[in-house]
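Chemist: Below is the sequence, then the predicted model.
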Amino acid sequence: MFAVVGCSNCDELWIVEGRPDSTQCRRCGTRRQFSTLKKFAETETADAAKNVRSVMKQRRAGDDADLDSFAVMGEDAADAGIDESDYLDAVGVDSAAVAEAGETGSSRSLSKREAVETAIDELDRPTADAVVAFAAEHGVERDYVERALDKLERGGEITESGGEYRSL
């Protein structure tokens with residue numbers, strides 16, 4: 001059970017889970033017994049309580065428009081803003097050249113460990129020799145690859161079966 005409660009000193013609204021003996025206002029620090037607080041709403045889920053609290057704060061601010069739920073607002077926020085190519089063009093970088101450079105794929109720079117992990121993830125049959133060959137293309141020596149494979153396997157990050165490795 002979640003309750004939307006308010007502070008009588010500063011009018012702050014907050015959410016209380018369960019039925020504690022007392023609770024403290026996040027804004028002014030006033031501590032009150034839970035039983036004496038005004039409960040504006042009681043809900044079964046935290047998300048529902050968040051939605052009630054946000055609508056109440058919106059109404060107090062004088063905005064009577066309907067608010068979306070937090071889940072919908074989160075999706076909208078993720079979609080907001082300009083896309084990468086528009087941003088690059090706005091700051092004077094040729095986005096077409098950047099896209100073309102990214103498509104070559106062969107010039108990516110990997111650390112030693114990243115080379116080993118990438119080989120395991122991207123190769124069709126990541127045997128020890130195949131991982132060594134892939135890593136060698138990125139400047140990683142065989143001794144390092146063998147030690148890294150052993151360490152990753154001992155650490156439970158990869159497993160070896162039938163001579164082939166796979167990430168866990």
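Modeler: Yes, it's here. The model shown is predicted, which means the values in this text are computed figures rather than measured ones.

Chemist: CA atoms for contacts and neighbours, from now on please.
Modeler: OK.

Chemist: What ranges in this protein fall below the confidence cut-off?
Modeler: Scanning the chain with the threshold set as pLDDT under 70 gives 64-81, 102-108.

Chemist: And the helices in it?
Modeler: 46-60, 70-79, 84-90, 95-104, 112-122, 128-137, 142-154 (DSSP state H).

Chemist: Quick check: phi and psi at V93.
Modeler: Backbone torsions of V93, given as degrees, to the nearest 10, read phi -100, psi 140.

Chemist: so who does the closest residue in space to E44 that isn't next to it in sequence touch?
Modeler: The shortest distance from E44 to any non-neighbouring residue, by CA to CA, 6 or more residues apart in numbering, is to M1 (4.8 Å). By CA atoms under 8 Å, 6 or more residues apart in numbering, the residues touching M1 are 17-18, 42-45.

Chemist: in stretch 114-133, what counts as buried?
Modeler: Using 16 or more other CA atoms under 10 Å as the test for burial, stretch 114-133 gives 115-120, 125-128, 130-133.

Chemist: among those residues, which two are most distant?
Modeler: For the buried residues of stretch 114-133, the maximum inter-member distance is 15.4 Å, found between A115 and R125 (CA to CA).

Chemist: what residues go with each domain of this protein?
Modeler: According to automatic domain parsing, the chain comprises the domains 2-69, 112-167.
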